[in-house]
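In: only geometry, no sequence info:
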């Protein structure tokens, strides 16, 4: 396997989001030469993590000025003899497309991270761009299915599903007994899609209807729904039971403090936080929605619940807390499944094979 010079285009170095963290894992694990271009200077304090992983780091705080971004990107292509551009999200796809127009020898790979449907105008623009992309990566079968609804022409273009890999920190952690058998954890942005409100209502049912007053829910993440969620916590008298702790760098420690990982997202494109919880040996309850049913086998390596049924979430989580044998069985099976299917090593290997295949196609 030969090394490829890869240029990653990212909106920021926000490693609390799945895409920058996944790219950081790729940089760490890959034998390829990695250059990263951030099209904003947000989270610039995290650039050092990419440098320590061996990447060349550049950023252009040019807002939505496509011309200035592309000029910078083309200079990087020439400076580092870039073979391949890896990008995602609509703005990154536009930047990659124009860079490829100016340097046609460079291959362009687009990874689809989510399933949100673009507006009609954006869909028309992206449809044109996609005909100039060399390969597509879908992070789950769910994302692929949803993208084909918006862009049926993708069916005839080269692409494959590559599941995300859990980051290296989670793989190095193996939890024993939790510090509290009554702690529930979720790692998620505070956005409507993550559906934290259902989880809060489930805790309310456990506390007030099931008399489980020592139950605690910890949510690590931040987002625009914080105010609404805080009001819900206040209205349900759960200030002592639910804690919104914001972004955290000690997710491994948090996982080991808790007894159950619960993730009620209604439209998850993959679910990296779920696989990390599985890898650390925590039993997982996940929504029966989006890509989450691809990650676990219901009743074997995790439990699936209707994302909007708070009573069912309360019932299933309570069942795991009352039955340590079942919880351990679910956790052990989940860890094995996650290590086999969602390891960083497997993820990096799949991407490297894809890169080599695409670049070889150019060199033949």
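Out: Received, thanks. If you're wondering where the values come from, they're calculated on a predicted model, not measured in any experiment.

In: how many neighbours does the nearest residue to residue 188 once chain neighbours are set aside have?
Out: Setting aside the residues directly before and after it, residue 188 is nearest to residue 194 in space (C-beta to C-beta, 6 or more residues apart in numbering), at 4.1 Å. Any C-beta I mention is one placed from the backbone N, CA and C, and that applies to glycine too. Residues near residue 194, counting by other C-beta atoms under 10 Å, number 25.

In: try the one 10 residues further on
Out: Residue 204 has 22 neighbouring residues, counting by other C-beta under 10 Å.

In: if I look at it, how far off is residue 302?
Out: For residue 204, the distance to residue 302 (C-beta to C-beta, to the nearest Å) stands at 23 Å.

In: which residues touch the residue nearest to residue 188?
Out: Residues counted as contacts of residue 194 (C-beta atoms under 8 Å, 6 or more residues apart in numbering) are 186, 188, 221, 223, 225, 264, 265.

In: Make JSON lines from those and add neighbour count and distance to residue 240 to it.
Out: Below are those laid out as JSON lines (neighbours: other C-beta atoms under 10 Å; distance: C-beta to C-beta, whole Å):
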{"residue": "186", "neighbour count": "24", "distance to residue 240": "18"}
{"residue": "188", "neighbour count": "23", "distance to residue 240": "21"}
{"residue": "221", "neighbour count": "21", "distance to residue 240": "20"}
{"residue": "223", "neighbour count": "17", "distance to residue 240": "23"}
{"residue": "225", "neighbour count": "20", "distance to residue 240": "21"}
{"residue": "264", "neighbour count": "29", "distance to residue 240": "21"}
{"residue": "265", "neighbour count": "25", "distance to residue 240": "26"}
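
In: Max pairwise distance over the residues you listed: which two?
Out: By the measure C-beta to C-beta, 223 and 264 form the most distant pair in the contacts of residue 194, at 14.7 Å.

In: Tell me the one among the contacts of residue 194 nearest to residue 213.
Out: Residue 213 lies nearest to residue 186 out of the contacts of residue 194, by C-beta to C-beta, at 20.2 Å.

In: can you tell me the helix or strand for residue 229?
Out: Applying DSSP states H and E as the criterion places residue 229 in helix 226-235.

In: Average pLDDT for that helix, rounded please.
Out: For helix 226-235, mean pLDDT rounds to 98.

In: What of stretch 297-304?
Out: 97.

In: can you give me how far stretch 75-91 is from the chain middle?
Out: 22 Å (C-alpha atoms, centre = their mean, to the nearest Å).

In: Just the buried positions in that stretch, please.
Out: Buried positions in stretch 75-91, judged by neighbour count with 16 or more other C-beta atoms under 10 Å: 76, 77, 82, 83, 84, 85, 86, 87, 88, 89, 91.

In: okay if I get those as a markdown table plus secondary structure and pLDDT?
Out: Converted to a markdown table, those look like this (DSSP: H, G, I helix; E, B strand; the rest coil; pLDDT from 0 to 100):
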| residue | secondary structure | pLDDT |
| --- | --- | --- |
| 76 | helix | 98 |
| 77 | helix | 98 |
| 82 | coil | 97 |
| 83 | coil | 96 |
| 84 | strand | 97 |
| 85 | strand | 97 |
| 86 | strand | 96 |
| 87 | strand | 95 |
| 88 | coil | 90 |
| 89 | coil | 90 |
| 91 | helix | 94 |
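
In: just those now: which is nearest residue 275?
Out: residue 88 (18.8 Å).

In: contacts for the helix holding residue 229?
Out: Helix 226-235 is contacted from outside by 190, 196, 197, 200, 201, 219, 239, 242, 244, using C-beta under 8 Å, 6+ apart.

In: which secondary structure elements does the helix or strand that that helix is followed by contact?
Out: Once the chain leaves helix 226-235, the next helix or strand it forms, by DSSP H and E, is strand 242-244. Judged by 3 or more C-beta pairs under 8 Å, 6 or more residues apart in numbering; DSSP states H and E, strand 242-244 is in contact with strand 216-220, helix 226-235.

In: how about the helices of the stretch 51-200 of the chain, start to end?
Out: 66-80, 90-102, 120-130, 141-150, 168-171, 196-208 (DSSP state H, counting those that start in this stretch).

In: Pick the most deeply packed of the helices and strands packed on strand 242-244.
Out: Compared across these, strand 216-220 shows the largest average neighbour count, a mean of 22 (mean count of other C-beta atoms under 10 Å).
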